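Undergrad: Sequence and predicted structure are below.
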Amino acid sequence: MFFGSYNHTLDEKGRLMLPRKMRIAAGQLLYIMQGYDGSISLYTESRYQVLVAEFSRLSFTQSKVRDYLRLQFASTFEIEVDKLGRVQLPTALLSKFNISRDVMVLGIGDHIEIWDKAKFEDYENKKRSEFDAIAEEVATK
């Protein structure tokens, strides 16, 4: 399980040093793909296999399913954690989602999200005032 939030800076080559606790839980092979709300998501190999199984149950004959799967799989990269605990973030994803060198690394239970720091701070400021209402709504579903 991944949790917590961490301020990090990408190095000049676009590498991210994973927080120690996340690095231990993540293993050596990760899958990175488009996330939600402007983030990118990192999944462990086992969690990614679960996602692929879930995707395979969707009906590709439905146009929205095709759109979703195309965008998800086209944005997916397999990445390895190096000996120093760094991952090379694909330049294509960083530029597509306007992620600068200053990032927030968030543990989101079954995966890790990477956000541009300024974008996440803006998101958090907007959503923080709605937290009680959001909690009430999701708790009743």
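TA: It's in. Note that the structure is a prediction, hence the values are computed from the model and not measured.
Undergrad: Going by C-alpha atoms from here, please, whenever you check contacts or count neighbours.
TA: OK.
Undergrad: Could you check the pLDDT of the residue positioned nearest the centre of the chain?
TA: Central residue of the chain (C-alpha atoms, centre = their mean): Ser41, 1.4 Å from the mean position. We have a pLDDT of 97 for Ser41.
Undergrad: mind checking how far it is from Lys64?
TA: 21 Å (C-alpha to C-alpha, to the nearest Å).
Undergrad: Need the phi and psi values for the closest residue to His111 other than its chain neighbours.
TA: Leaving aside its chain neighbours, His111 sits nearest to Tyr43 (5.1 Å; criterion: C-alpha to C-alpha, 6 or more residues apart in numbering). When read as degrees, to the nearest 10, the backbone of Tyr43 gives phi -120, psi 140.
Undergrad: go on, Val52?
TA: Dihedral angles (degrees, to the nearest 10) for Val52: phi -60, psi -40.
Undergrad: Spit out the contact partners of it.
TA: Counting by C-alpha atoms under 8 Å, 6 or more residues apart in numbering, Val52 touches no other residue.
Undergrad: before we move on, back to that, what's across from the residue nearest to the centre of the chain in the sheet?
TA: Met33, Glu113 (DSSP bridges).
Undergrad: And the strands in this protein?
TA: Ranges of strands in the chain, per DSSP state E, are 5-9, 15-17, 29-34, 40-44, 77-80, 86-88, 102-107, 112-116.
Undergrad: what helices or strands is the fifth one leaning on?
TA: Where contact means 3 or more C-alpha pairs under 8 Å, 6 or more residues apart in numbering; DSSP states H and E, strand 77-80 is packed against strand 29-34, strand 86-88.
Undergrad: List the buried residues for it?
TA: Neighbour counts over strand 77-80 (16 or more other C-alpha atoms under 10 Å) mark Phe77, Ile79 as buried.
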